[in-house]
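Peer 1: Just the structure for this:
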Amino acid sequence: MATTETELGSKSETPAAAAPTVTVRPRKTDSVLDKALRLLSSVRFGVTMLGILLICCMIGMLIMQVSVEGFDKYYATLSPSQKQVYGTLGFFDIYRSRYFTLLLAITGLNIILASIDRFPTAWQYVRKPKLTASPKFIAAQMFNAESSEREAPQMAAEKVRAAWKRHGFKARVSQETNRITVFAQRNTLNRLGAYIVHVALLTIFTGGFLTSRYGVGGPMEIRPGKSSDKFMTSEVSVDRGPRVAEVGLPFQIECRDLQQRLIRPEGGLEAQNTIDWLSYITIKDGAVQKDMLVHLNNVGDYRGYRFFQSQFQPLGSAREITIAFEPVDGNAAAVEPVKIMRNGSAEVPRIGTVRYVGFYPDFDIGDSGPTTISPDYNNPAAQLEITNADGKRAAAFAFNPRLAEEYLSKANDKLGKDGGANPLLVNGNKIILKDFEKVSSSHTLTIQYDPGRTPVYIGFTLLVLALCFVFFLSHQRMWAVIEPDGNGSKIYFGGNTNRNRPAFEGRFNLLVQSVTGGSINE
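Peer 2: A predicted model of the protein is given here:
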């Protein structure tokens with residue numbers, strides 16, 4: 001039982017020696033802040049937080065996210081209870097949820113506090129290595145050995161330094177009164193490897209936070225000659241389910257041209273018959289205009305926005321057409337076939353200016369005019385506009401030979417009853433669609449704005465390099481304490497490493513034998 005100051009003072013004292021005065025103070029208890037900081041800086045807490053983050057990432061992989069193509073179909077397959085639970089917990093967009101951001105923040109704080117708490121100790125190995133030692137210190141090392149040498153301590157120390165240098169250890173000699181210490185080490189910065197890992201993780205978390213807070217993405221349908229500064233994105237409401245929202249861009253995207261590369265040109269636009277599809281776009285940002293080609297193996301990038309090929313609409317169109325004007329009267333000279341790009345024009349002798357206006361893959365005449373009854377190239381036809389020498393414009397169509405004869409015959413039959421000029425003829429010529437380059441009528445770009453992408457890439461690269469640095473290298477230290485021993489010297493060898501003990505054991509024996517020539521007393 002503790003004796004208080006009052007109790008001691010009440011005891012009898014002799015003149016020769018007075019009883020000592022002892023003050024017992026109550027133990028200081030840690031504040032709530034100290035306990036919180038201790039918890040936040042603990043390694044166990046950090047490992048727990050990383051485990052929770054890993055579980056959240058696994059949920060994001062197992063449950064389709066709202067930004068992934070095909071989410072609507074996936075959502076429709078879920079039961080009402082799954083929709084309710086997943087939606088309430090934010091599993092459909094978990095990487096943008098508030099609690100995931102909070103987990104990133106707390107884990108990052110743990111890494112920072114743990115580094116602040118432990119870094120000074122690690123830094124001492126770099127800044128203030130232990131240059132002097134004693135035989136007692138050597139005996140406490142991971143590996144130790146002894147040797148007797150005939151040389152004086154100074155010469156023995158130089159011998160040790162030179163031998164270790166040959167094996168890649170830069171040695172330093174420290175002189176004391178009756179003792180010389182030779183200290184050598186390698187891979188000192190390995191002590192800081194854990195903190196490089198911490199920096200890498202913080203960089204990754206920063207990128208993840210930027211993505212969850214400011215990242216956005218969605219599809220944009222583009223057609224030749226059209227411009228847009230908006231794309232669509234998906235959101236999930238617990239009550240209403242998935243819904244589409246419109247997101248504006250700080251610039252405009254104009255589609256100049258589309259192109260399709262097919263395995264079999266005679267085939268259709270099926271995905272199985274498509275090697276690649278290409279979108280030629282122009283970014284219009286104020287006075288800045290930037291042409292860009294986006295296809296499967298080439299991603300567009302502008303002001304942090306990335307453009308990926310997502311899909312193409314299987315409605316057939318034609319990028320370039322080849323047409324011929326064939327006279328109905330066999331005595332007239334035929335006109336050479338001409339090629340016209342989409343939205344382009346060509347001068348045709350005796351005809352005028354021919355402009356390519358539109359394309360119908362499966363042409364038919366409906367109640368409201370020309371239309372296509374299917375997306376396939378069954379009865380292809382090109383819509384033209386012809387301007388003659390007098391400046392008069394007239395609409396015309398180019399059909400394949402079979403379809404041209406069919407419509408021409410129908411028109412002639414009607415004219416036989418009503419009379420008049422055949423509207424399908426241009427200056428006595430029927431227009432034949434000789435050939436065309438198949439292409440989809442529209443492409444879909446996936447636009448993604450991800451400000452955290454670069455920090456995440458940097459962080460993972462740094463993390464891989466840091467882990468290689470940590471696990472494939474080790475901080476190895478060697479001491480040789482040299483004391484006078486009669487006419488010679490007594491050398492005490494000690495060695496230590498922070499990891500990979502078996503590999504260092506062989507190196508330790510090699511370093512000792514390089515000095516002793518093989519005689520070791522362990």
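
Peer 1: Give me the distance between residue 87 and residue 78.
Peer 2: Separation of residue 87 from residue 78 (CB to CB, to the nearest Å) stands at 10 Å. In this view, the C-beta of every residue, glycine as well, is placed from N, C-alpha and C.

Peer 1: Give me the below-cutoff pLDDT ranges for the stretch 251-400 of the chain.
Peer 2: Within the stretch 251-400 of the chain, the ranges that satisfy pLDDT under 70 run 330-333.

Peer 1: how about the strands of it, start to end?
Peer 2: 274-285, 288-294, 300-302, 305-312, 316-327, 338-341, 345-348, 352-360, 363-366, 369-372, 381-387, 393-399 (DSSP state E, counting those that start in this stretch).

Peer 1: packing partners for the last one?
Peer 2: Applying 3 or more CB pairs under 8 Å, 6 or more residues apart in numbering; DSSP states H and E, one finds that strand 393-399 makes contact with strand 381-387, strand 429-440.

Peer 1: and the longest helix for the protein?
Peer 2: helix 98-127 (DSSP state H).

Peer 1: the inter-axis angle of the one helix or strand residue 57 maps to versus helix 98-127?
Peer 2: Element membership for residue 57, per DSSP states H and E: helix 43-62. Inter-element angle recorded for helix 43-62 and helix 98-127: 140 degrees (by axes from the mean of the first three to the mean of the last three CA atoms, to 10 degrees).

Peer 1: same for whichever helix or strand comes after helix 43-62, what does it pack against?
Peer 2: The helix or strand immediately downstream of helix 43-62 is helix 71-77, counting by DSSP H and E. When contacts are defined as 3+ CB pairs under 8 Å, 6+ apart, helix 71-77 packs onto strand 241-262.

Peer 1: Any buried residues in the strand it packs on, and which?
Peer 2: 242, 249, 251, 252, 253, 254, 255, 257, 258, 259, 260, 262 (16 or more other CB atoms under 10 Å).

Peer 1: what's the span of stretch 218-237 from first residue to last?
Peer 2: 17 Å (CA to CA, to the nearest Å).

Peer 1: List of residues touching stretch 58-74?
Peer 2: 86, 91-95, 217-219, 233-236, 242, 310-311, 446 (CB atoms under 8 Å, 6 or more residues apart in numbering).

Peer 1: Now list the buried members of those.
Peer 2: Buried among the contacts of stretch 58-74 by 16+ other CB under 10 Å: 86, 91-95, 217-219, 233-234, 236, 242, 311, 446.

Peer 1: follow-up on the earlier one: list the buried residues in the longest helix of the chain.
Peer 2: For helix 98-127, using 16+ other CB under 10 Å, the buried residues are 100-101, 103-104, 106-111, 113-115, 122, 125.

Peer 1: swap in stretch 221-235?
Peer 2: By 16+ other CB under 10 Å, the buried positions in stretch 221-235 come out as 221, 222, 224, 231, 233, 234.

Peer 1: now the residues you listed as JSON lines including distance to residue 293 and pLDDT?
Peer 2: As requested, the buried residues of stretch 221-235 are exported to JSON lines (distance: CB to CB, whole Å; pLDDT from 0 to 100):
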{"residue": "221", "distance to residue 293": "18", "pLDDT": "95"}
{"residue": "222", "distance to residue 293": "13", "pLDDT": "95"}
{"residue": "224", "distance to residue 293": "14", "pLDDT": "93"}
{"residue": "231", "distance to residue 293": "19", "pLDDT": "93"}
{"residue": "233", "distance to residue 293": "25", "pLDDT": "88"}
{"residue": "234", "distance to residue 293": "27", "pLDDT": "82"}
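
Peer 1: and residue 87 and residue 78? which has more neighbours close in?
Peer 2: residue 87 (20 against 17; other CB atoms under 10 Å).

Peer 1: Would you mind extracting the C-alpha trace of the helix or strand where the more buried one lies into PDB?
Peer 2: Using DSSP H and E, residue 87 maps to helix 80-89. What follows is helix 80-89, C-alpha atoms only, in PDB (Å, rounded to 0.1, in the frame of the first residue of the first chain):
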ATOM      1  CA  PRO A  80     -38.200  -6.300 -55.700                       C
ATOM      2  CA  SER A  81     -36.400  -7.000 -52.400                       C
ATOM      3  CA  GLN A  82     -33.000  -7.000 -54.100                       C
ATOM      4  CA  LYS A  83     -33.800  -3.700 -55.800                       C
ATOM      5  CA  GLN A  84     -34.800  -2.200 -52.500                       C
ATOM      6  CA  VAL A  85     -31.800  -3.500 -50.500                       C
ATOM      7  CA  TYR A  86     -29.200  -2.700 -53.100                       C
ATOM      8  CA  GLY A  87     -30.700   0.700 -53.900                       C
ATOM      9  CA  THR A  88     -30.900   1.700 -50.200                       C
ATOM     10  CA  LEU A  89     -27.300   0.600 -49.500                       C
END
